[in-house]
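Asks: got a predicted structure here, sequence first:
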Amino acid sequence: MTCNGCRNSVEQKLSQVNGVSNASVNLEKEEAVIQMDHHIDTATFQKALPEKYTISEKNEDKNVFASNDNNAFVKAEQEESKLQQLKPLLIILGYIAIATVLLNYQRENWDGAMLDFMGLFFIVFSFFKILDLKGFPESFRMYDPLAKVLPAYGWIYPFIETALGLMFLMRFEIPVALIATLIILGITTIGVTKILLDKKSIQCACLGTALKLPMTEATFIENAIMIVMAVVMLFKYIN
């Protein structure tokens, strides 16, 4: 494997094998860690992959003396690691919030603050998606219902976000931008919710593939905040 697109393709093929709950590929080590509901032989995985890839089982020594305390420690370490992985997302949202305050703190009316936040949100997040236009569509279609049906949607999605961001910041056709936001984020949130309910561990493509973020409740909350803002602003424009 030579790029994030290859990695995402392999992860998708492995995840689609019946009985696989999660598949994560390390691009540098060219290794895949697969979580299975039941044992699946390597021949089954080989059939799921394109011919240019070869998969074999890696034998590792297991610690037969592992205790419950050790297992608890490992679980705590994994949870901390997930929080560390989410750090870039939290920092970016923090910067967007600070920028929104700086843009509005001298204004008498803060009605435009939500529009500024939404505009900056879309611009920043689309930037990270555009960094890897080859890898993003593959990751995005793993959970977005529309991208699964129409692969081309994954390719144009970053540019839709850019357009929406500019519309909010320039105050251009705001009702149209709000309705479009509700539609695209509503569709994505349905897919995110299904992944979370199925307890599948996949990569979140909200910041593209440049930053490998896990799909967690934070993704749902992030979308929900934007949806609530869009609904509030839409009611204001209608009334």
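Replies: Structure's in. What do you need? Numbering: from 1, shown residues only.
Asks: same question for stretch 153-160, mean pLDDT?
Replies: Stretch 153-160 shows a mean pLDDT of 94.
Asks: and the pLDDT for the residue nearest the centre of the chain?
Replies: Nearest residue to the geometric centre of the chain (CA atoms, centre = their mean): residue 204, 2.0 Å. On pLDDT, residue 204 comes in at 79.
Asks: next, work out how far apart it and residue 168 are.
Replies: As judged by CB to CB, to the nearest Å, residue 204 and residue 168 stand 23 Å apart. C-beta coordinates here come from the backbone N, C-alpha and C atoms, glycine included.
Asks: quick one on the thing from earlier: give the bridge partners for the residue nearest to the centre of the chain, please.
Replies: Counting by DSSP bridges, residue 204 forms beta bridges with residue 213.
Asks: contact partners for it?
Replies: Contacts for residue 204 were tallied using CB atoms under 8 Å, 6 or more residues apart in numbering; they are 213, 214, 215, 216, 219.
Asks: can you check residue 148 too?
Replies: Residue 148 neighbours (CB under 8 Å, 6+ apart): residue 141.
Asks: quick one: it and residue 42, what's the gap?
Replies: Separation of residue 148 from residue 42 (CB to CB): 27 Å.
Asks: likewise residue 149?
Replies: Taken as CB to CB, the span from residue 149 to residue 42 is 31 Å.
Asks: neighbour count: the two, which is higher?
Replies: Using other CB atoms under 10 Å, the more surrounded residue of residue 149 and residue 42 is residue 42, with 12 against 9.
Asks: poorly predicted segments of this protein, please.
Replies: Residues of the chain that meet the criterion pLDDT under 70 lie in 1-5, 27-28, 59-83, 85, 210-211.
Asks: strands along that one, start to end?
Replies: Counting by DSSP state E, the segments of the chain that form strands are 20-26, 31-36, 203-204, 213-214.
Asks: quick one: contacts of the last one?
Replies: Residues outside strand 213-214 that contact it (CB under 8 Å, 6+ apart) are 82, 85, 86, 88, 89, 201, 202, 203, 204, 206, 207, 219.
Asks: same thing with stretch 6-13?
Replies: Residues contacting stretch 6-13 (CB under 8 Å, 6+ apart): 1, 23-25, 27, 32, 48-50, 53, 135, 138-139, 141-142, 202-203, 209.
Asks: which of those are buried, as a PyMOL select command?
Replies: Buried members of the contacts of stretch 6-13, defined by 16 or more other CB atoms under 10 Å, are picked up in PyMOL with:
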select buried, resi 1+23+24+25+32+48+49+53+135+138+139+141+142+202+203+209
